[in-house]
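Engineer: okay, here's the prediction I keep looking at, along with the sequence it came from:
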Amino acid sequence: MTPKEKAKKLFNLFGTTISERVDVDGFICNTEHVKKCAVIAVDEIVKEIQCNEFDFQSNVPMLVYTYWKNVKKEIEKL
């Protein structure tokens, strides 16, 4: 799956979940809220990759890290 496809998938996943809920003040979440949630999730994945980079072999961590950074960029473009 390309970073762009993954970004759309995460956005849609969060969008479906968030749009069905209303927060305590009755404010319905919008596109920017959905993007922020998806970015937070990707940031957590990137942090885990950085913490666990010695568990991977050779250049895999950089490829994985780059993939998720690109996913984040694609989410921000949505």
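Structural biologist: That came through, no problem. Residues are numbered from 1 along each chain as shown.

Engineer: how about the helices in the protein?
Structural biologist: 3-19, 31-51, 60-77 (DSSP state H).

Engineer: now for this structure, the helix or strand with the poorest mean pLDDT.
Structural biologist: helix 3-19 (a mean of 84; mean pLDDT, DSSP states H and E).

Engineer: buried stuff in that helix?
Structural biologist: 3, 6-8, 10-11, 14-15, 18 (16 or more other CB atoms under 10 Å). Every residue, glycine included, has its C-beta placed from N, CA and C.

Engineer: can I get these in JSON lines including distance to K69?
Structural biologist: Formatted as JSON lines, the buried residues of helix 3-19 follow (distance: CB to CB, whole Å):
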{"residue": "P3", "distance to K69": "8"}
{"residue": "K6", "distance to K69": "12"}
{"residue": "A7", "distance to K69": "11"}
{"residue": "K8", "distance to K69": "17"}
{"residue": "L10", "distance to K69": "14"}
{"residue": "F11", "distance to K69": "16"}
{"residue": "F14", "distance to K69": "19"}
{"residue": "G15", "distance to K69": "22"}
{"residue": "I18", "distance to K69": "23"}
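
Engineer: farthest-apart pair in those, please.
Structural biologist: The span of those, defined through CB to CB, is set by P3 and I18 at 21.6 Å.
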